[in-house]
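Chemist: Just a sequence and a predicted model for now, questions to come.
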Number of protein chains: 2
Amino acid sequence: MAGDRRPDGPANIYAVADRAGVSIATVSRVQNANGPVSPVTRDRVLRVIDEMGYTPNGSGRALAVRRHDAIGIVFPDLSGPYYSEVILGCERATVEATQSLYILATHARANSDELVLDLVSRVDGLILTGRTVDDDVVRRLRDRGLPVVLLARPPVDDAPSVRAESLRPAIEVTTHVFQHGHRQLAFIGDPAASPDAEERWRGFALAHADAGVPGPAAPVAAAFGETAGREAAEAALDSGATALVCADDELALGAYGAVRARGLRVPEDIAVTGWDDIQLARFVSPSLTTVRQPMRVLGATAAQLLFELIADEAPSSVVLSSDVVVRASCGCEPPSDIPEPEVVLR
Amino acid sequence: MAGDRRPDGPANIYAVADRAGVSIATVSRVQNANGPVSPVTRDRVLRVIDEMGYTPNGSGRALAVRRHDAIGIVFPDLSGPYYSEVILGCERATVEATQSLYILATHARANSDELVLDLVSRVDGLILTGRTVDDDVVRRLRDRGLPVVLLARPPVDDAPSVRAESLRPAIEVTTHVFQHGHRQLAFIGDPAASPDAEERWRGFALAHADAGVPGPAAPVAAAFGETAGREAAEAALDSGATALVCADDELALGAYGAVRARGLRVPEDIAVTGWDDIQLARFVSPSLTTVRQPMRVLGATAAQLLFELIADEAPSSVVLSSDVVVRASCGCEPPSDIPEPEVVLR
DNA sequence: TTGTAAGCGTTATCAT
DNA sequence: ATGATAACGCTTACAA
């Protein structure tokens, strides 16, 4: 009964208090550097804390302060740089706010609702991205009083949200393609896949209306990835399109393949544009005209809004701007403003 | 004192018990489907739980069961696909084990030790990757009895670790370059940067010894990224190298730039190889001969080892195999085994 | 300046 | 089958 065991789990506040010959209240005060405590006992306690390698148990603390000091971000997947960057931005902002970050990827999991619900029990708030959870789940969470921020997700009631603008860049990119003389454009991508894709399609259509150019009535639906892009592009070419405006860069790469497979050239015969500005966009030949989103800022902003929400402030939604990056695939000369260093591929 | 307030934070087990007219013990039994409970009260409680949107408070639970049911992964950064993939694999394995995952990026933060320490208070174990934390911190954590798994990190005492083999592929790739007739090879990368890089350098040197080819005494040090690769490659070319074995693909891309800047060609004049098989490797021209690591499996395996460790088993370390992917930059014909679909860039 | 003690929301061990 | 009740590890009035 006496004797000093060590291995039995991490030291707790009682063990420290015992060893330092003080009460747990004093240990707590020292730890958190809040209440008053004499320099001498402070030093003693600090030494013991160090000796024993004491770290306050997070759950105990969270329970006492009625706060988890943790948030969670729910995203569909991590393939491609988009969500990696978003999460990185989010992580930075979280750490700066001395909070911790849980991540949950829903993939195409059937039980993702449960998983999200489980996460709820451990966080002070949640960032929900893309199409990861249904509207009614979002509502349920909010009804429970859980602070929720939406990221690149269709709005739900008045939940604060963060997204990058898609409409204006989509109009710009489409208009730019017009300027290269194209009149038969196809939009490749699935507007149902994400609100972003939907807005890109709307911008594409609006640009046609603005220019008085008759445009296609519908996008050429495509899932994700090169294969999908290639197939969709083939359909588009069949219908006589001379320019392919793609909802993301991967689709555009697939489109390159379809164009080449017909013995045609990008951009001389067919113009192609993408979206996201993945690393490959600079390196591919011809370099890809695309739209760059501030992905890290997206994540960081979402985290900030969430913290405001948790602090009972009432943050308003944020729309960040995206920039068209003109390169060669639209028909322009390979630009000189490409960020150095660049390997120019023949 | 009486009266039913609602908005005051999420419902707790007492509120549910009250409303259902049972004790909190019963609610807990229903929630966890463990103890005995009559079907009728079970249903009633379940209904109330649903009505009130009750989710047990994670901290309360963790405190009671003396387990967080959460682990953490500490990584340096998320630029590039490497850690994204590792984390994704880790996330999958974690969710499958019905646990939750914290992430912490150390970047180059000065106070990363503190951050890790903080994380410790909320997890049952930690995955430490690369050079994120010092050896002594790892030891301190282990001394406290915290389960720790190392991922692509130099060993510390007998902590279980997971890594991808680097030695054999490095020997293979180097030998392969010999077979193209090269005898003046340079290794570009910083062995001090990571244990992986160090092992690649060792393999490079070993291959020289095996082949009886006199090799360089030291690598051409390079930090990370294209710029570093380019500069290092220039130095290597100056010293007469005709083949550049790079510690990662980004460095190899930089090397491409250096070669081209001298009016030389890859691979006709200079052979180049990389490591990691980033997406770009397939698309760049000439396509890059490189080494593919099983990144997701790396992450998933680390998580599994950690869970075993937490369960007081004694997992042994794992070394996963990596494969050389022969493409064109070494001097081979562009291979046909490139994963479809591929945009063949001229 | 320090200590005592009452929670925080669970789980789990007892009784009943 | 159900209900008290004692932990779990911490913070924070409130006393001393």
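Modeler: Thanks, I have the structure now.
Chemist: Show me what from the stretch 1-150 of chain A comes close to DNA strand C.
Modeler: For the stretch 1-150 of chain A, the contact set with DNA strand C under C-beta under 7 Å from any atom of the strand comprises A:21-26, A:29, A:35-38, A:40-42, A:60, A:63-64, A:66. In short, each C-beta sits where N, CA and C put it, glycine included.
Chemist: what does the model give the closest residue to DNA strand D within the stretch 201-346 of chain A for pLDDT?
Modeler: Residue nearest to DNA strand D within the stretch 201-346 of chain A: residue A:311 (15.2 Å; C-beta to the nearest atom of the strand). The predicted local distance difference test score for residue A:311 is 96.
Chemist: likewise the one 10 residues further on?
Modeler: Residue A:321 carries a pLDDT value of 95.
Chemist: And residue A:344, by the same measure?
Modeler: Residue A:344 carries a pLDDT score of 28 in this model.
Chemist: For the spatially most central residue of chain A, which non-adjacent residue is closest in space?
Modeler: Nearest residue to the geometric centre of chain A (C-alpha atoms, centre = their mean): residue A:86, 3.3 Å. By the measure of C-beta to C-beta, 6 or more residues apart in numbering or on different chains, the closest residue to residue A:86 outside its immediate chain neighbours is residue A:299, 3.9 Å from it.
Chemist: again with residue A:248
Modeler: Spatial nearest neighbour of residue A:248, excluding adjacent residues (C-beta to C-beta, 6+ apart): residue A:275 at 4.8 Å.
Chemist: What are the contacting residues of stretch A:17-25?
Modeler: When contacts are taken as C-beta atoms under 8 Å, 6 or more residues apart in numbering or on different chains, the neighbours of stretch A:17-25 outside the stretch itself are A:13-14, A:16, A:26-27, A:35, A:41, A:44-45, A:47-48, A:51-52.
Chemist: Spell out which parts of chain A neighbour DNA strand D.
Modeler: Near DNA strand D, the residues belonging to chain A are A:9, A:12-14, A:24-25, A:28-29, A:31-32, A:34-35, A:54-57, A:59-61, A:63-65 when assessed by C-beta under 7 Å from any atom of the strand.
Chemist: Can I get the least confident helix or strand in chain A by mean pLDDT as PDB, trimmed to CA atoms?
Modeler: The weakest-scoring helix or strand in chain A, judged by mean pLDDT, DSSP states H and E, is helix A:279-283 (a mean of 89). What follows is helix A:279-283, C-alpha atoms only, in PDB (Å, rounded to 0.1, in the frame of the first residue of the first chain):
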ATOM      1  CA  GLN A 279       1.200  22.300 -58.900                       C
ATOM      2  CA  LEU A 280       0.800  20.400 -62.100                       C
ATOM      3  CA  ALA A 281      -0.900  23.300 -63.800                       C
ATOM      4  CA  ARG A 282       2.400  25.200 -64.000                       C
ATOM      5  CA  PHE A 283       4.300  22.200 -65.300                       C
END
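Chemist: Can you spell out which helices and strands pack onto that helix?
Modeler: helix A:249-261, helix B:279-283 (3 or more C-beta pairs under 8 Å, 6 or more residues apart in numbering or on different chains; DSSP states H and E).
Chemist: any idea of the mean pLDDT for the first one?
Modeler: Translated: helix A:249-261. Helix A:249-261 carries an average pLDDT of 95.
Chemist: what are the ranges of the strands in chain A?
Modeler: Per DSSP state E, chain A has strands spanning A:70-75, A:100-105, A:125-129, A:148-151, A:161-164, A:185-188, A:243-246, A:271-273, A:290-292, A:318-320, A:323-325. These are given in chain order.
Chemist: Next, find the distance separating residue A:152 from residue A:117.
Modeler: Note on residue A:152: its distance to residue A:117, by C-beta to C-beta, to the nearest Å, is 22 Å.
Chemist: Against DNA strand D, how distant is the residue nearest to the centre of chain A?
Modeler: Using C-beta to the nearest atom of the strand, to the nearest Å, one gets 32 Å for the distance from residue A:86 to DNA strand D.
Chemist: close enough to count as contact, that residue and residue A:296?
Modeler: Yes: between residue A:86 and residue A:296 a contact is recorded at 7.2 Å, counting by C-beta atoms under 8 Å.
Chemist: on that earlier part again, relative to residue A:164, how far out is the residue nearest to residue A:86?
Modeler: With the distance defined as C-beta to C-beta, residue A:299 ends up 11 Å from residue A:164.
Chemist: For those two, work out which one has more neighbours and name it.
Modeler: Remark: of residue A:299 and residue A:164, residue A:299 carries more neighbours, 28 against 22, as counted by other C-beta atoms under 10 Å in any protein chain shown.
Chemist: so what's that one up against?
Modeler: When contacts are counted by C-beta under 8 Å, 6+ apart, residue A:299 is found next to A:73, A:85-93, A:127, A:151.
Chemist: Next, give phi and psi for residue A:269.
Modeler: The main-chain torsion angles of residue A:269 are listed as degrees, to the nearest 10 and equal phi -100, psi -40.
Chemist: and it, how many neighbours?
Modeler: 12.
Chemist: contacting residues for it?
Modeler: For residue A:269, the contacting residues are A:242, A:259, by C-beta under 8 Å, 6+ apart.
Chemist: May I have the predicted confidence score for it?
Modeler: At residue A:269, the pLDDT value in this model is 97.
Chemist: what do you get for the one 3 residues further on?
Modeler: If you check residue A:272, the pLDDT there is 98.
Chemist: what's the spacing between it and residue B:134?
Modeler: Summarising the geometry, the distance separating residue A:272 from residue B:134, computed by C-beta to C-beta, is 48 Å.
Chemist: same deal with residue A:330?
Modeler: In this structure, residue A:330 and residue B:134 are 50 Å apart, going by C-beta to C-beta.
Chemist: So for these two, which sits in the more crowded spot?
Modeler: Taking neighbours as other C-beta under 10 Å, residue A:330 and residue B:134 compare with residue A:330 leading, 24 against 12.
Chemist: show me the contacts for the more buried one.
Modeler: Applying C-beta under 8 Å, 6+ apart, the residues contacting residue A:330 are A:173, A:176-177, A:180, A:267, A:271-273, A:289.
Chemist: Check what pLDDT residue A:141 gets.
Modeler: What the model reports as pLDDT for residue A:141 is 95.
Chemist: pLDDT weak spots in chain A?
Modeler: Scanning chain A for pLDDT under 70 picks out the ranges A:1-8, A:335-346.
Chemist: Break it down into its domains, please.
Modeler: In terms of domains, chain A is parsed into A:2-64, A:70-163+A:295-315, A:167-292+A:325-345 (source: automatic domain parsing).
Chemist: Not counting its neighbours along the chain, what's nearest residue A:170?
Modeler: If you skip the residues right next to it in sequence, residue A:170 has residue A:203 as its closest partner in space, 2.5 Å away by C-beta to C-beta, 6+ apart.
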